[in-house]
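# need a 3D model of the following:
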Amino acid sequence: MATSRRTTDVVDYSMQEKIMALYDLQKIDSKIDAINKIKGVLPTEVQDLEDEVAGLQTRIDNIKSSIDDLNLRVKQAKEDTEQAKAQIAKYNEQQRNVRNNREFDAINKEIEYQELQILLNDKHIKEYTADVKTKKKQIEEAEAVLAERKIDLEAKQTELNSIDDETADEMARLKEEEARAMAKIDERLLAAYTRIRSNVRNGLAVVTVKRDACGGCFNRIPPQRQYEIRQNKKIIVCEYCGRILVSDEFHEEEHKDIEA
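Presented below is the predicted three-dimensional model:
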């Protein structure tokens with residue numbers, strides 16, 4: 001195994017060490033994937049329920065705000081009606097002191113206008129009141145759904161928290177190991193690793209050559225290519241699936257260490 005070369009500030013890892021770090025990183029990430037698999041769709045379900053609860057609460061708040069606005073309109077319409085009635089009373093009093101028919105007709109038109117305003121206000125009050133009743137019904141329905149979703153969310157969150165608690169120590173250890181492995185890999189190579197992982201179904205970006213075949217897609221690897229892989233002098237990817245290929249010697253050395 002090649003050793004790293006140290007400078008004053010930065011550790012310059014050899015290609016073999018970087019390839020080994022990639023292999024270790026893949027093993028660590030696979031273990032993290034296995035833990036996340038235990039959670040299944042719980043994180044997504046919790047997030048969806050949280051979004052739905054927030055959406056329902058926002059909808060209820062908006063409806064309540066709309067009801068407040070309608071109640072203000074009802075209040076304003078009632079005040080306008082009272083003012084109109086006061087105006088009518090004033091005009092009726094003025095009609096007793098008119099001096100000619102023209103003044104009488106003018107005042108009468110004002111009275112008719114105020115009476116129309118009262119009718120219009122009454123119409124609006126009925127409409128606003130009906131809208132308030134409808135919106136209160138909407139709130140009742142939304143609050144019923146909200147209560148159910150909160151119960152579902154609490155149950156899913158409790159289940160997820162339980163899994164998190166059980167796997168917290170293991171996850172923390174794996175994250176530390178992951179950080180140590182990543183520190184040995186340059187950003188460009190790490191970005192390639194991450195990209196490959198996101199593009200393959202099982203998350204395996206680094207695979208060993210097993211029985212002369214790629215450990216990811218199982219297509220045959222030519223002998224010369226296998227020799228180059230065992231040299232650990234450069235990053236070699238499978239020409240079929242694009243995964244990074246490493247020598248099966250890594251896997252064999254790992255098992256020797258376990259057996260020892």
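# any idea how many residues pack against the closest residue to residue 108 other than its chain neighbours?
In space, residue 108 comes closest to residue 95 once its chain neighbours are excluded; the distance is 7.3 Å by C-beta to C-beta, 6 or more residues apart in numbering. For every residue, glycine as well, the C-beta is placed using N, CA and C. Look at residue 95: counted by other C-beta atoms under 10 Å, it has 14 neighbours.
# wait, what's in contact with residue 95?
Contacts for residue 95 (C-beta atoms under 8 Å, 6 or more residues apart in numbering) come out as 104, 107, 108.
# how far away is the last one from residue 83?
In other words, residue 108. 19 Å (C-beta to C-beta, to the nearest Å).
# give the burial count for residue 48, as a bare number.
By other C-beta under 10 Å, 14 other residues sit near residue 48.
# packing partners for the one helix or strand residue 168 maps to?
Element membership for residue 168 (DSSP states H and E) is helix 101-182. The helices and strands touching helix 101-182, judged by 3 or more C-beta pairs under 8 Å, 6 or more residues apart in numbering; DSSP states H and E, are helix 15-39, helix 42-95.
# who wins for proximity to residue 165 among those?
Residue 165 sits nearest to helix 15-39 of all the helices and strands packed on helix 101-182, at 12.1 Å, using C-beta to C-beta.
# output the contacts of residue 95 as JSON lines; include the columns distance to residue 149, pLDDT and neighbour count.
What follows is the contacts of residue 95, written out as JSON lines (distance: C-beta to C-beta, whole Å; pLDDT from 0 to 100; neighbours: other C-beta atoms under 10 Å):
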{"residue": "104", "distance to residue 149": "67", "pLDDT": "91", "neighbour count": "13"}
{"residue": "107", "distance to residue 149": "62", "pLDDT": "92", "neighbour count": "18"}
{"residue": "108", "distance to residue 149": "61", "pLDDT": "92", "neighbour count": "15"}
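# longest strand in the protein, please.
strand 206-210 (DSSP state E).
# what's the following helix or strand after that strand?
Heading C-terminal from strand 206-210, the first helix or strand you meet, by DSSP H and E, is strand 213-214.
# report the next helix or strand after that following strand in sequence order.
helix 223-231.
# pLDDT value on the residue nearest to residue 131 when sequence neighbours are not counted, please?
When the adjacent residues along the chain are set aside, residue 131 lies closest to residue 70, with 5.4 Å between them (C-beta to C-beta, 6+ apart). Per-residue confidence (pLDDT) for residue 70: 97.
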